[in-house]
Every structure is written in structure tokens, then in C-alpha cells.
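Visitor: Next come a sequence and a model predicted from it.
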Amino acid sequence: MQHDHISTQFDAQLEQVRASVLHMGGAVEDQLSLAVKALENGEMYLIERVLQTEHQVNSMQLELDQLCTNIIARRTPTAIDLRVLTMAVKSSSDLERIGDEAKKIVLMARDFYKSGRSNIPHYAEIRRMSEIVVDMLRQALDGFARLDSDVAPAIARRDLEVDDSFRAILRELLTHMMEDPRTISATLDIIFIAKALERAGDHAKNISEYVVYMIKGKDVRHLSADEIEQVVKA
């Protein structure tokens, strides 16, 4: 009976970890979506919301890391239970960094509109990039929630799509700067925003790779999408 009681407590703690990862992920997903929306119109309430959420996300990371540390110290988990905790700690770091990228975006949006500029050049391309990245993050979190590693290869391929979009935006904007040097300041802002989204995509991909590790026990970092698919299907 005592063993069953301890096992039930441990299961409850692991469920708390899973719920905390998903709660933090949902906050970061909203944060990134709102950051890109703030680019469209420079609404201060959106900017402030993103900045406020950034503080909350930081607190969530600290609480989640402490929870995982306490469980590891007291329960000495093994096998998949240990991988769940490892995945949670690593994912909290990547989620926090996505939040940092969202913060960068809204700070640039605030400066952009405060300087008197009325719209964001190439906003349509930026919005498309953001939609892909947000969807990648949502799929990675869904894979974690459903213990489904099949999401990882698709996310890896979408990350390549984000990389291609960033390079296309970079080429176009560099050409634009050379043709009209007066646009350099505004153009550099857009490049930094696009780079922030590209980095956020990398972090979402990382989370999907942790899901594979959690379920399969295989480290698929630095593997191609096709190689990840082979691991997932094995």
C-alpha cells in the first residue's frame, strides 16, 4: 500500500510537470502571436501585454526548473520518467528564449512607431513567417501532450521553410538598402525582426526533438528531417 501511495504521488508530480510545460508553452505562443500583431499597428496595449507576459514566462521557467530538480532529487526517476523531466527542463529554456524573441519584436515595434513611421515594410512576409513559427510551436507542444513523436519530422521541414523565408527577406531588403540608403535604418529593423522569428523557429524545432528523445530515447539533434523520420518510424 505504501508503494502504491508513493507511486500515485510520483504520477501526480509528473502530471504537474507536463501541465506546467503546456501552460508555459501556451503563454509563449500567445506572446509571439501578439508581438507580430503589434507590428501591424503599434498598439501600446499589445506591446505592454507581451512585456508583462515575458516576466510571467520567466517566473514559470524558474518554478518549472525547481519542480523538476526537486523530483529528481527525491524520486531518483529512471527511463522515460527521467526523460520527461529532462525534456521539461530543456523545453522551459527554449520557451523562455522564444519569449525573449517576442520581447525583441515588440520593443522594435514600439521604437518603429515612436519614430513616426506609419507601417512596417514587408509586414506580409513577416506575418507569414510568424504564422509558420507559431504553428510549429503549437505542433511541438501538442506532440508533447499526446506523446506523439511523429510531429518532429514535419516541424524540422517547416523550420527549413522558415530559414528559406528569412534568407529571401534578407536578400530583398539588402537590395532595397543598396538602392535607397535612406531606408537603411527601417530595413535593419525588419531584418532583426525576421531574425528573431527565425530563431524562435529553431527553438520550436528543439522542443519537437526533445519529444522524440522523451518517447524514443534517441537524441535527434543535428539530424536532418529524413533522419529524424527514420528514428520516429523505427
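Guide: Everything's here; your move.

Visitor: Just after the lowest-mean-pLDDT helix or strand in the chain, pick out the following helix or strand.
Guide: Using mean pLDDT, DSSP states H and E, the weakest-scoring helix or strand in the chain turns out to be helix 2-41, at a mean of 88. Counting by DSSP states H and E, the next helix or strand C-terminal to helix 2-41 is helix 44-75.

Visitor: So the nearest residue to A38 once chain neighbours are set aside versus L141, what's the distance?
Guide: The shortest distance from A38 to any non-neighbouring residue, by CB to CB, 6 or more residues apart in numbering, is to L46 (4.0 Å). C-beta here means a position set from N, CA and C on the backbone, and glycine is covered the same way. Look at L46 and L141: by CB to CB, to the nearest Å, they are 22 Å apart.

Visitor: the more surrounded of the two?
Guide: L141 (24 against 21; other CB atoms under 10 Å).

Visitor: Find the residue closest to the more buried one in space, skipping its chain neighbours.
Guide: G25 (4.2 Å).

Visitor: Just give me the neighbour total for the one you found.
Guide: 26.

Visitor: residues contacting it?
Guide: S91, L95, L137, A140, L141, F144, I207 (CB atoms under 8 Å, 6 or more residues apart in numbering).

Visitor: in what helix or strand does G116 lie?
Guide: Going by DSSP H and E, G116 is not in any helix or strand.

Visitor: And it, how far from E227?
Guide: To E227, G116 is 49 Å away according to CB to CB.

Visitor: Among those two, which residue is more densely surrounded?
Guide: E227 (13 against 6).

Visitor: how many neighbours does E63 have?
Guide: Neighbours around E63, by other CB under 10 Å: 13.

Visitor: got a pLDDT number for it?
Guide: On pLDDT, E63 comes in at 97.

Visitor: Just to check, it is in contact with V21?
Guide: No - counting by CB atoms under 8 Å, E63 does not reach V21; the two are 11.4 Å apart.

Visitor: okay, and for the protein, where does confidence drop off?
Guide: 1-6, 117-119 (pLDDT under 70).

Visitor: one more time with 80, if that's ok
Guide: 1-7, 115-122, 182-183, 185-186 (pLDDT under 80).

Visitor: So what angle separates the directions of the least confident helix or strand of the chain and helix 44-75?
Guide: 160 degrees (axes from the mean of the first three to the mean of the last three CA atoms, to 10 degrees).
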